[in-house]
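Trainee: Take this sequence and fold it.
(2 chains)
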Amino acid sequence: MNAMTDKPSSQPQNLRTLSYSEAIREAMAIAMEADPTVILMGEDIGVYGGAFQVTLDLVDRFGTDRVMDTPISELGGAGVAVGAALTGLKPIFEFQFSDFAMLAMEQIVNQAAKLRYMLGGEASVPVVFRLPAGSGTGAAAQHSQSIEAWFGHVPGLKVLQPATPEDAKGMLLAALADPDPVMIFEHKLLYKMKGHVPEGSYLTPVGKALVRREGTDVTIVAGSIMLHRALEAAEQLTKDGINAEVIDLRCIRPIDHETILASVRKTGKLMVVYEGVKAFGVGAEISAMVAESDAFDFLDAPILRLGAADAPVPYNPDLERASVPQVDSIEAAARRLTRREV
Amino acid sequence: MTQPDNRPFAIRTYAPDQLREALKRMYLIRRFEEGAEDSYMRGLIHGTMHLSIGQEASAMASCMELTDDDKITSTHRGHGHCIAKGAEVGRMFAEFFGKETGYCHGRGGSMHIADVKTGNLGANGIVGGGLPIAVGAALSAKRLGKSDVTICFFGDGANNEGAFHEALNMASVWKLPVVFICENNGYGMSTSIARSTSVKHIADRAVAYSMPGVTVDGNDFSAVAEAVHHAVARARAGEGPSLVENLTYRWRGHSKSDRNRYRTKEEIEEWMTRDPIARFRAELIAHGVLDEASADAIEAAAIADMEAGIEFAKASPAPSISDVTRYVYAEN
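Mentor: As a prediction, the model looks like this:
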């Protein structure tokens, strides 16, 4: 099956395909055409096209007033986006790497996330932060992190992680339609992956996970690039007669409890795969959520978390690969889980 | 040949009604804060508060030329800015009392009072938090083709935050209509300017960002009004940002935890002789805008507004406990 499409069996042939980055760029262009208050801000997003070429030629189409290169000032730049969102613009702010969002935590967490609440519902901050994330590029510890779970801890934010070009476009358009601050973690290794992307404007629902592969023996929850690794592992598992259900965790906040719980009630086994550090991560939240629910009674094996090693992301390529879940480690873990060897 | 008008800037620039209203609001700022302090002492309100008593001219004179379309960002010491921008003290007290009728429906308290509809983008609990936000508001005005300006209030403590430097730089690079107003009261909590800041005058920092910077007596209403007038005019004309430093002093401690161990009684008393309200009142009387009786009447009206505000707050309903997570996200 083609891991890049939602429902391969139901889709006709010869559908238009775009890369993940092209899909994001198309979403931005559609939004900017439709709404003059949408602006792009970020470091080197103009003629340079962004560090990952996502904004590529948008400055030629929309000009420097709407595709604004910011100084290397993540805190200030993010704060300008927050202030602009508070007063009538809809900024899409690109962090060059998600790691750099740590320089702007004040504005994201203390300001953007809390303004509506602190002001008793009398303010709206419709800002979108785009964050290239993840390892696998040899960029080492300060350019390879997966920190999406940090923001899952912050009421007021919405945290998305598209795994496919179709979702990358639909989620960005949904984020722009959302009156609250939205953070979109885009995996750097997915930027060049191609997949079907519908024409025109459409919104991927925020807060909904998606069963990408139906199965009966084990539930594997995985988002972003881990979805693809989990789907590949699931194919391998069929050789042993193991039929895994794979859920695309498209949204970390709000999290889609019901889709996960329904799957666990069916399979009785849960594995959560994510690229962030294993401890205190997405896996902990999902495991606890299942343990606190009626689905707990359906479990017939311990819950398994597969996350990054308890270390910064290393430079050496073999170490880097070993530090985060890969197809083989997901497959091996699922095998152990289904044999109750955990 | 006409004689040069040697009267203070405010007297020769603003109509008597505006000046009387300014005095009223300065009294209101002080009475509001005294009322808040008294309510705290009597256990009617909890938490903490940061009082700006002694700094009223800086707040009021900076807002003289603003409309509801103009924006301000404020600080943890922000009650004066709210009142100067036109906030109602009843809704402010209600917020202080944690009531549903408060500006933030009781969710924000003293440090988050805002009224976005009238351009008050809010006080802020984070030192320097409002600076980039103000630049963003100015960016909106420019992109949306409006002539609004944003006044960004901050204290001397914020001038050593990275956000200050990033914000001033971007405002200058993009020539945005923002006026940065530093209320330099001498201390970031307990640490004096001399011990924390590498320049003698914070306005000197403007040079680094290619904008005008001026230091004025922040307790002199006219001096502040004149400096801000020029900065606002420059912003409205599309010529970019300015930095105005108002030298002032807070009579009270930093917050309720302050034991005043970092400054002397003599220093505080010396500054109290430069009371900005008394000076402005005397100036208005000297130039015939008011007489003593009408000044007293203005002060009495401010006290009445304060007392009515407290009664409104006391009588207002508290938020429903079941609404604790309401307003985290937009409601459909």
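
Trainee: From the chain's centroid, how far away is stretch B:181-193?
Mentor: 14 Å (CA atoms, centre = their mean, to the nearest Å).

Trainee: can I assume B:Arg20 is in contact with B:Asp291?
Mentor: No. The pair B:Arg20 / B:Asp291 is not scored as a contact, 11.5 Å apart, by CB atoms under 8 Å. In short, each C-beta sits where N, CA and C put it, glycine included.

Trainee: Among the two, which residue is more densely surrounded?
Mentor: With other CB atoms under 10 Å in any protein chain shown as the criterion, B:Arg20 and B:Asp291 differ in neighbour count, and B:Arg20 comes out ahead with 18 against 11.

Trainee: helix or strand for the more buried one, which one?
Mentor: Using DSSP states H and E, B:Arg20 falls within helix B:16-41.

Trainee: Which other helices and strands does that helix contact?
Mentor: helix B:9-13, helix B:56-62, helix B:79-85, helix B:89-96, helix B:276-286, helix B:292-315 (3 or more CB pairs under 8 Å, 6 or more residues apart in numbering or on different chains; DSSP states H and E).

Trainee: got a list of what A:Asp217 touches?
Mentor: A:Ile242, A:Asn243, A:Ala244, A:Glu245, A:Thr267, A:Lys269, A:Thr338 (CB atoms under 8 Å, 6 or more residues apart in numbering or on different chains).

Trainee: Repeat that for B:Ala61.
Mentor: B:Ala61 sits next to B:Ala10, B:Ala22, B:Phe221, B:Ser222, B:Ala223, B:Val224, B:Ala225, B:Val228 when contact means CB under 8 Å, 6+ apart.

Trainee: if we take the residues you listed, which one ends up nearest to A:Gly120?
Mentor: The closest of the contacts of B:Ala61 to A:Gly120 turns out to be B:Ala22 (CB to CB; 28.8 Å).

Trainee: what's around that closest one, how many residues?
Mentor: For B:Ala22, the count of nearby residues is 23 (other CB under 10 Å).

Trainee: now swap in A:Pro317 and tell me
Mentor: 10.

Trainee: does it really touch A:Gly138, like I thought?
Mentor: Yes. With contacts counted by CB under 8 Å, A:Pro317 reaches A:Gly138, the gap being 6.3 Å.

Trainee: following the longest helix anywhere in chain A, which helix or strand shows up next?
Mentor: Taking DSSP state H as the criterion, chain A has its longest helix at helix A:20-34. Later in the chain than helix A:20-34, the nearest helix or strand by DSSP H and E is strand A:38-42.

Trainee: coming back round to it: ok, and the most crowded of the contacts of A:Asp217?
Mentor: A:Ala244 (28 neighbours).

Trainee: Regarding the residue lying closest to it once chain neighbours are set aside, what is its secondary structure?
Mentor: Leaving aside its chain neighbours, A:Ala244 sits nearest to A:Ala234 (4.0 Å; criterion: CB to CB, 6 or more residues apart in numbering or on different chains). Secondary structure, DSSP: H, G, I helix; E, B strand; the rest coil: A:Ala234 is helix.

Trainee: A:Ala234 and A:Arg212 touch, don't they?
Mentor: No. In this structure A:Ala234 lies outside contact range of A:Arg212 using CB under 8 Å: 9.1 Å.

Trainee: Quick check: neighbours shared by the two?
Mentor: Residues within reach of A:Ala234 and of A:Arg212 at once, by CB under 8 Å, 6+ apart, are A:Val246.

Trainee: contacting residues for the residue lying closest to A:Leu75 once chain neighbours are set aside?
Mentor: Distances taken as CB to CB, 6+ apart place A:Ala104 nearest to A:Leu75, at 4.9 Å, with adjacent residues excluded. Residues counted as contacts of A:Ala104 (CB under 8 Å, 6+ apart) are A:Glu74, A:Leu75, A:Gly77, A:Ala78, A:Gly79, A:Phe95.

Trainee: Same question for B:Glu166.
Mentor: By CB under 8 Å, 6+ apart, B:Glu166 lies in contact with A:Pro71, A:Ser73, A:Leu75, A:Gly76, A:Gly77, A:Gly79, B:Leu131, B:Pro132.

Trainee: Please name the residues that touch the first one.
Mentor: Put plainly, it is A:Pro71. Per CB under 8 Å, 6+ apart, neighbours of A:Pro71: A:Glu43, A:Gly77, B:Glu166, B:Asn169, B:Met170, B:Val173.

Trainee: Just the element for it, please.
Mentor: Short version, using DSSP H and E: A:Pro71 is in no helix or strand.

Trainee: Tell me the confidence at the residue nearest to B:Leu144 when sequence neighbours are not counted?
Mentor: Spatial nearest neighbour of B:Leu144, chain neighbours left out: A:Gly88 (5.8 Å); criterion: CB to CB, 6+ apart. At A:Gly88, the predicted lDDT confidence score is 97.

Trainee: how many neighbours does A:Gly88 have?
Mentor: By the measure other CB under 10 Å, the count of residues near A:Gly88 is 14.

Trainee: list the contacts for it?
Mentor: The neighbours of A:Gly88, taking CB under 8 Å, 6+ apart as the test, are A:Thr37, B:Ser140, B:Leu144.

Trainee: and the second one, what is it in contact with?
Mentor: Applying CB under 8 Å, 6+ apart, we find B:Ser140 in contact with A:Gly83, A:Ala84, A:Thr87, A:Gly88, A:Leu89, B:Lys146.

Trainee: and the first one, backbone torsions?
Mentor: Okay, so that is A:Gly83. phi -60, psi -40 (degrees, to the nearest 10).

Trainee: what's around it, how many residues?
Mentor: 34.

Trainee: distance of it from A:Val125?
Mentor: Counting by CB to CB, to the nearest Å, the separation of A:Gly83 from A:Val125 is 9 Å.

Trainee: cool, and the fourth one?
Mentor: To A:Val125, A:Gly88 is 11 Å away according to CB to CB.

Trainee: hang on, the earlier thing: quick one: which of the contacts of B:Glu166 sit in strands?
Mentor: Residues of those located in strands (DSSP state E): none.
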